[in-house]
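Undergrad: A predicted structure for the sequence below; I have some questions about it.
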Amino acid sequence: MKVALEDLYQQLIMDHGRRPRNFRVLQDATHHLEGYNPLCGDRFTVYLKIADGRVADVSFQGSGCAISTASASLMTEAVKGKTEDEVEKLFEAFHAVVTGKRAPDAASLGKLAAFAGVAAYPVRVKCATLPWHTLKGALAGSKQPVSTE
């Protein structure tokens, strides 16, 4: 029985949506920020510990749909150990894929390529990108919550 690539991607998103990784408050966070999607009610806080110019640890807490929760979960796995510049490049690549501006490249995105299908559902793009915009704001030291509106 052959499993379609889209089915594998859907399974990955559902797995991370149901059992998110790094879902906790990071007690020794050096950065944190809340993000909110008023359209659907997704609300997350992203926590970062930056040490020696790298993301030493990252976590999130909050609630949202399967897509936003899975995006936050996979994001935390993808950015650990990266420099701020590497996180920014990953953000740009992810954003370009979920908005349909670029074809997914598993070599640079890894498991994050699973979100390529979101581009077909513009209303869900905000769900997938909310954790990323929140991460980006936290890295910039913003104190104002991020909103998708």
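TA: On my side now, so go ahead. Residues are numbered from 1 along each chain as shown.
Undergrad: can you list the buried residues in the lengthiest helix in the chain?
TA: Among the segments of the chain that qualify as a helix by DSSP state H, the longest is helix 122-139. With burial defined by 16 or more other C-beta atoms under 10 Å, the residues of helix 122-139 counted as buried are 124-139. From N, CA and C alone the C-beta is placed, and that goes for glycine too.
Undergrad: among those residues, which pair sits farthest apart?
TA: Taking C-beta to C-beta as the measure, those reach their widest spread between 124 and 139, a distance of 24.1 Å.
Undergrad: surely residue 53 touches residue 84?
TA: Yes: using C-beta atoms under 8 Å, residue 53 makes contact with residue 84 at a distance of 7.0 Å.
Undergrad: neighbour count: those two, which is higher?
TA: In this comparison of residue 53 against residue 84, neighbours counted by other C-beta atoms under 10 Å, the higher total goes to residue 84 at 16 against 10.
Undergrad: could you list every residue that touches the more buried one?
TA: For residue 84, the contacting residues are 50, 53, 55, 139, taking C-beta atoms under 8 Å, 6 or more residues apart in numbering as the criterion.
Undergrad: surely the first one meets residue 56?
TA: Yes: with contacts counted by C-beta under 8 Å, residue 50 reaches residue 56, the gap being 6.6 Å.
Undergrad: contacts only, for residue 70.
TA: Residue 70 makes contact with 12-17, 20 under the criterion C-beta under 8 Å, 6+ apart.
Undergrad: that one sits in which helix or strand?
TA: When secondary structure is defined using DSSP states H and E, the element that contains residue 70 is helix 66-79.
Undergrad: and residue 143, how many neighbours?
TA: Close neighbours of residue 143, defined as other C-beta under 10 Å, add up to 7.
Undergrad: the closest residue to it other than its chain neighbours: which element?
TA: Nearest in space to residue 143, with sequence neighbours left out and distances taken as C-beta to C-beta, 6 or more residues apart in numbering, is residue 33 at 7.8 Å. Assignment of secondary structure by DSSP H and E places residue 33 within strand 31-37.
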